[in-house]
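# Next one to model:
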Amino acid sequence: MLMTTRSMLAAGLLTLATAATAQTKWDLPSAYPASNFHTENLIQFAADVDKATAGKLKITVHANASLFKANEIKRAVQGGQAQMGEILLGIFENENPIFGADGVPMLATGYAQSRKLAQAQKPHLNKVLAAQGMQLLYTVAWPPQGIYVKKEIGSVADMRGIKWRAYSPATAKIAELIGAQPVTIQAAELSQALATGVVESYMSSGATGYDSKTYESIKYFYDTQAWLPKNALIVNKKAFDALDKSSQEAVLKAAAEAEVRGWKISQEKNDWYKKALTEKGMKIMPPSPKLMQDMSQVGASMLADWEKKAGTEGQALLAAFRKP
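Numbers count the residues shown, from 1 in each chain. The predicted structure follows:
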């Protein structure tokens, strides 16, 4: 009887050990607050994967740069410190110009154009990431970018000398072209930088303005809709290849659904964010024709510069984007 009991206990422990071994746990770092729509989308993605794999693959989302800072996430995924991560593509333009295609002002200014640019950019991103041991799962655009500023402006000249938040090579380049003072500040540090006067102007979406409580420090938002930067969900290729086929399919299916859902939410929330900012006391301003003309000149200069750096890959990307 004792042997039977021991045998049953051993068998039970073996079953538990096998179940524990069968479960795979992944970390997914993000740079944005848990309440941001991008992060909410990631959380839904992780839940969908959990359900589709019957708990075999558990993905933990680490929001607000709590695991890695925004500029560290890509390297963490590449090196296997995190199995997957969400990155803002434009941050890595200096590494490869392809990452910065959606950060050129006035190139793709609305959701339709931004989607078209995303499709043109996708095969080139896949190629670059594959060479680095990673795989692209999806991209989702932020709402269109406008100018947050402490005073009323009518042209680029009105921003000369202003302390300008730069979070990517493109936003640093804009500062240079308009004569502003660039200060490197990532999203998780923006609220404090605004409150302490480290920065007094920046370009971003209504989402970032709302999340960072920019309305407490800045009262004007000029709705230039200059570009729609994208976040991308990337995965370490070795980690993905180590999954069984059904788990791989679950990840890919959940990613495809997250992409569709994310773009839809981004577009729906664009007006919501601007309304919420207005309710918090911010003035949503239409840009003057002169300001838009100035921004178009900035965009043309940056596009020429980007095209030169991106070479034949960049030319192919733009040709695909401009194709009717």
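
# Give me the neighbour count for the spatially closest residue to Gln186 that is not a sequence neighbour.
With Cβ to Cβ, 6 or more residues apart in numbering as the criterion, Gln186 has its nearest non-adjacent residue at 4.6 Å, and that residue is Ala70. (Each C-beta comes from the backbone N, C-alpha and C, glycine too.) The criterion is other Cβ atoms under 10 Å. On that basis, Ala70 has 22 neighbouring residues.

# how about low-confidence regions in this structure?
Across the chain, the ranges flagged by pLDDT under 70 are 1-21.

# run the last query once more with 80
Applying pLDDT under 80 to the chain picks out residues 1-22.

# which residue is nearest the middle of it?
For the chain, the residue sitting closest to the mean C-alpha position, by Cα atoms, centre = their mean, is Asn231 at 2.3 Å.

# give me the element that residue is part of.
strand 230-236 (DSSP states H and E).

# Also Gln248?
helix 245-279.

# Which positions in that helix come out as buried?
Residues of helix 245-279 classed as buried: 247-248, 250-252, 254-255, 258-259, 261-263, 265-267, 269-270, 273-274, 276-277 (neighbour count, 16 or more other Cβ atoms under 10 Å).

# which helices and strands sit right next to it?
When contacts are defined as 3 or more Cβ pairs under 8 Å, 6 or more residues apart in numbering; DSSP states H and E, helix 245-279 packs onto helix 37-52, strand 57-62, helix 111-131, strand 134-141, helix 206-211, strand 230-236, strand 283-285.

# Quick one: distance of it to the chain centre.
Taking Cα atoms, centre = their mean, to the nearest Å, the mean C-alpha location of helix 245-279 is offset from the chain mean by 12 Å.

# Give me the angle between it and strand 57-62.
Angle of helix 245-279 versus strand 57-62, following axes from the mean of the first three to the mean of the last three Cα atoms, to 10 degrees, is 30 degrees.

# re the thing from before, I'd like the next helix or strand past the strand holding Asn231.
Downstream of strand 230-236 (by DSSP H and E), the next one is helix 237-241.

# Which secondary structure elements does that next one sit against?
Partner elements for helix 237-241 (3+ Cβ pairs under 8 Å, 6+ apart): strand 134-141.

# The residue nearest to Pro105 when sequence neighbours are not counted: what secondary structure?
Leaving out its chain neighbours, the residue that sits closest to Pro105 by Cβ to Cβ, 6+ apart is Gly299, at 3.8 Å. With DSSP: H, G, I helix; E, B strand; the rest coil as the basis, Gly299 sits in helix.

# ok, now how distant is Gly299 from Asp158?
Distance of Gly299 to Asp158, computed by Cβ to Cβ, to the nearest Å: 18 Å.

# ugh, wrong one, I meant Gln81
To Asp158, Gln81 is 44 Å away according to Cβ to Cβ.

# now swap in Ser246 and tell me
58 Å.

# then stretch 271-287 to PDB, C-alphas only?
Taking Å, rounded to 0.1, in the frame of the first residue of the first chain, the C-alpha atoms of stretch 271-287 are listed here in PDB:
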ATOM      1  CA  ASP A 271     -10.300  62.900 -32.100                       C
ATOM      2  CA  TRP A 272     -10.900  61.600 -28.500                       C
ATOM      3  CA  TYR A 273      -7.400  62.700 -27.400                       C
ATOM      4  CA  LYS A 274      -7.900  66.200 -28.900                       C
ATOM      5  CA  LYS A 275     -11.200  66.500 -27.200                       C
ATOM      6  CA  ALA A 276      -9.800  65.400 -23.900                       C
ATOM      7  CA  LEU A 277      -6.900  67.800 -24.200                       C
ATOM      8  CA  THR A 278      -9.400  70.600 -24.900                       C
ATOM      9  CA  GLU A 279     -11.300  69.700 -21.700                       C
ATOM     10  CA  LYS A 280      -8.100  69.900 -19.800                       C
ATOM     11  CA  GLY A 281      -7.600  73.500 -20.900                       C
ATOM     12  CA  MET A 282      -5.400  73.100 -24.000                       C
ATOM     13  CA  LYS A 283      -6.100  75.100 -27.100                       C
ATOM     14  CA  ILE A 284      -6.100  72.900 -30.300                       C
ATOM     15  CA  MET A 285      -5.000  75.300 -33.000                       C
ATOM     16  CA  PRO A 286      -5.200  75.100 -36.800                       C
ATOM     17  CA  PRO A 287      -1.700  75.800 -38.200                       C
END
